[in-house]
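>>> what follows is a predicted protein model with its sequence.
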Amino acid sequence: MKYEVPARVREGAATPIHDLDRYREHYANAVNDPDGFWLSETKSRIAWKTSPTQGLVGGFDEVKEGPLSWFGDGTLNITESCLDRHAKSTPEKIAILWEGDEPGDVRTYTYDELLAAVSRAANALSELGVKKGERVIIYMGMVPEAAIAMLACARVGAIHSVVFGGFSAEALRDRVRDCGAELIITQDVGRRGGRDIPLKAVTDEACVGASSVKKVLVYRRTGDEIPWVDGRDVWWHEALEQSSDIHEAVEVDAEHPLFILYTSGSTGRPKGVVHTSGGYITYASYTHATVFDLRPDDVYACMADVGWITGHSYIVYGPLANGATTLMFESTPLYPDAGRYWDMVERHKITIFYTAPTAIRALAAKGDEHVTGKDLSSLRVLGTVGEPINPEAWVWYHEVVGGGRCNIVDTWWQTETGGIALSPIAPATPTKPGSATLPMPGIQPSLRTPEGAIIRGPGQGLLCIDHPWPGQARTVWGDHDRFVSTYFSHVPGAYFTGDGCRRDADGYHWITGRVDDVLNVSGHRMGTAEFEAALITVEAVAEAAIVGYPHPIKGQGVYAYIVSQPGESINEASLQAACREQIGAHARIDSFQVVTGLPKTRSGKVMRRILRKIAEGRGDELGDVSTLADPSVVDAIKDGFKV
Ligand code: PRX
């Protein structure tokens with residue numbers, strides 16, 4: 001089933017890619033002359049201090065020798081693209097439209113006000129001793145000050161690493177240590193769904209054993225009483241009050257790191273994905289303007305959290321670089337009820353709305369009545385991100401939310417890609433429910449066999465990208481070898497995404513999910529190894545193996561196979577507590593099974609393929625298990641299976 005682009009989405013497009021012919025033209029230009037294509041995009045979009053003449057230097061074949069670069073001879077400060085020029089041309093335009101946890105609790109920052117606030121914060125950071133190239137951890141909820149903190153770091157050339165406010169003290173400490181941050185910016189207490197999140201208290205706990213931290217800057221959100229460490233802790237409002245609202249942005253090279261964002265992979269240790277300045281901001285700006293067809297009067301709302309890449313690229317950097325009005329939302333789709341999103345669309349007259357399939361499924365399950373009473377006529381583009389969307393949820397979004405009048409952009413991308421890589425372009429691309437459709441100009445995807453051979457035409461395989469693009473991650477913080485081995489060792493000369501993908505006869509892409517040991521639960525990316533490392537800290541647990549299984553709302557659920565220590569019994573609360581303490585509140589086990597042993601090869605490797613099949617309820621399709629050290633464990637596991 002194919003959906004044509006509704007006329008009102010096609011008409012009046014701001015992007016030059018307003019139909020498929022234009023798309024093909026732009027796509028071909030980007031393939032034939034990547035340097036020319038991207039140099040022209042960056043010069044028209046970004047305020048450079050020294051305009052670049054170089055495009056790409058290096059490539060996937062040479063990534064072993066060191067990171068590749070884009071626009072390498074240019075210099076800039078990305079905040080001038082996000083703030084100063086808009087403060088000059090559209091000072092009164094709302095840059096950040098914030099809606100707090102309680103409906104109608106609204107605050108706004110115009111571009112003029114945002115520039116002033118970021119300048120004050122940048123001066124405050126300098127006063128605290130933060131210098132170019134130093135790392136700053138930001139551990140906050142969804143308040144405008146989180147975006148201001150990110151931009152202030154960028155303003156002084158410091159490298160920020162935002163840690164999602166749901167992560168535990170352990171997880172926060174690991175990240176502080178890995179990047180050697182000297183400053184943490186946090187807030188007293190976070191608010192979400194009517195609940196308090198003790199961000200400062202968790203920060204204090206994380207600082208125990210994180211000796212690099214010299215200062216903690218605390219934004220006052222709720223005014224609750226919090227513990228205070230004299231000499232280390234500084235109030236945000238006091239530091240800003242004492243600072244000037246004028247700040248000269250620090251000039252950095254195009255390849256100067258803008259931020260580190262930790263993400264999960266197949267091993268227990270999250271990796272710090274590094275994004276740089278010039279290429280990242282160019283790609284975030286280009287994809288945001290193009291995919292959503294951003295128009296001057298749009299009210300753009302992305303429901304992600306700044307703790308994830310979607311919040312970086314499509315709440316903060318892309319929209320602000322494009323001079324848009326971007327909404328920041330502190331709460332959840334279900335607070336105080338399942339009509340919250342649609343209530344906000346009505347009140348703020350949102351035109352572009354971007355959320356995750358999990359939220360759409362959860363809301364669809366609550367019934368249409370939460371949607372149908374609201375005036376959603378302002379909506380023009382609906383987006384999804386983070387996980388595959390099932391066609392039923394897609395159709396509900398299209399019909400019930402969009403009234404058939406909007407185009408849906410199912411955007412596939414990753415922390416590592418920096419921005420959207422496969423997606424419809426709102427005014428141009430007919431859609432099919434569940435397909436991320438076509439590659440963005442500049443993205444050259446290929447499907448590969450496990451041996452790395454290219455699959456041409458319709459088919460299914462491992463999704464790779466064959467040519468660099470400006471927004472891609474350059475390295476893993478402190479471990480370039482890990483960057484090379486994770487992404488460039490499977491298929492020499494190509495970037496391996498970790499996803500499987502099918503391509504149909506129209507060249508449309510259908511993501512089939514991760515093919516590595518990474519889970520995608522409610523759009524949250526988590527490693528099976530992280531769960532396993534957490535679970536074996538429970539004394540009664542001898543061994544643990546985690547797999548994902550299909551979950552009707554979350555996309556994937558977490559299934560744990562646990563081998564207990566001899567004579568010990570397992571209680572669920574201790575398993576959940578270990579995951580919560582080691583990882584965070586978002587890491588929950590959905591189902592677990594105590595087993596006598598795990599299926600292992602003779603060399604001791606756990607055969608997850610078998611465990612995955614059983615958890616999916618396909619235990620009778622296991623095929624040959626004779627290579628296992630002890631094939632009888634499989635029958636015992638199958639007998640005890642309970643989902
Ligand atoms: O498996 C893909 C899935 O999310 C993974 C990337 O997760 P993360 O780095 O946390 O970034 C999420 C936000 C960009 C991918 O490897 N994924 C993301 N978008 C989609 C998707 N799967 C299917 N369809 C999508 N639109």
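Right, received. Where do you want to start?

>>> CA atoms for contacts and neighbours, from now on please.
Fine.

>>> interface residues of the stretch 251-400 of the chain facing the ligand?
309-310, 385-388 (Cα under 6 Å from any ligand atom).

>>> just put the residues you listed in a markdown table and tack on neighbour count and secondary structure.
Conversion of these to a markdown table gives the following (neighbours: other Cα atoms under 10 Å; DSSP: H, G, I helix; E, B strand; the rest coil):
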| residue | neighbour count | secondary structure |
| --- | --- | --- |
| 309 | 23 | helix |
| 310 | 26 | helix |
| 385 | 23 | strand |
| 386 | 24 | coil |
| 387 | 26 | coil |
| 388 | 23 | coil |
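
>>> looking at the residues you listed, which is nearest residue 593?
Checking these against residue 593 by Cα to Cα gives residue 387 as the nearest, at 26.1 Å.

>>> following element in sequence after the helix or strand harbouring residue 145, please.
With secondary structure defined by DSSP states H and E, residue 145 is part of helix 144-156. Downstream of helix 144-156, the next assigned helix or strand under DSSP H and E is strand 159-162.

>>> still on that earlier bit, the helix holding residue 145 - contacts with which helices or strands?
helix 78-79, helix 111-127, strand 135-139, strand 159-162 (3 or more Cα pairs under 8 Å, 6 or more residues apart in numbering; DSSP states H and E).

>>> with distance to residue 231, mean neighbour count and mean pLDDT as new columns, can those be given to me in a markdown table?
Below are those laid out as a markdown table (distance: least, Cα to Cα, whole Å; neighbours: other Cα atoms under 10 Å; pLDDT from 0 to 100):
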| stretch | distance to residue 231 | mean neighbour count | mean pLDDT |
| --- | --- | --- | --- |
| helix 78-79 | 30 | 28 | 98 |
| helix 111-127 | 14 | 24 | 98 |
| strand 135-139 | 18 | 27 | 98 |
| strand 159-162 | 23 | 28 | 98 |
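
>>> hmm, back to that, from the residues of the stretch 251-400 of the chain next to the ligand, pick the one nearest residue 288.
For those, the nearest to residue 288 is residue 310 (11.1 Å; Cα to Cα).

>>> for that closest one, which non-adjacent residue is spatially closest?
residue 304 (6.2 Å; Cα to Cα, 6 or more residues apart in numbering).

>>> kindly report the same for residue 533.
Here the residue nearest residue 533, using Cα to Cα, 6+ apart, is residue 268, at 6.6 Å.

>>> ok, residue 100 next?
Closest residue in space to residue 100, ignoring its immediate chain neighbours: residue 330 at 4.9 Å, by Cα to Cα, 6+ apart.

>>> residue 187 versus the one you found, what's the distance?
Noted for residue 330: a distance of 13 Å to residue 187, by Cα to Cα, to the nearest Å.

>>> who's more crowded, these two?
Between residue 330 and residue 187, counted using other Cα atoms under 10 Å, the more crowded position is residue 187 (30 against 21).

>>> three-state assignment of the residue nearest to residue 310?
coil (DSSP: H, G, I helix; E, B strand; the rest coil).

>>> same deal with residue 221?
Secondary structure assignment for residue 221 (three-state DSSP): coil.

>>> got a list of what the residue in the stretch 51-200 of the chain that the ligand sits nearest to touches?
Taking Cα to the nearest ligand atom, the ligand has its nearest neighbour within the stretch 51-200 of the chain at residue 164, 11.6 Å off. Taking Cα atoms under 8 Å, 6 or more residues apart in numbering, we find residue 164 in contact with 139-141, 305-308.

>>> which among those residues gets closest to residue 420?
Looking across the contacts of residue 164 and measuring by Cα to Cα, the closest to residue 420 is residue 308, at 13.8 Å.

>>> over to the spatially closest residue to the closest one that is not a sequence neighbour: give its phi and psi.
Nearest non-adjacent residue to residue 308, counting by Cα to Cα, 6+ apart: residue 164, 6.7 Å away. In this entry, residue 164 is assigned phi and psi values of phi -50, psi 130 (degrees, to the nearest 10).
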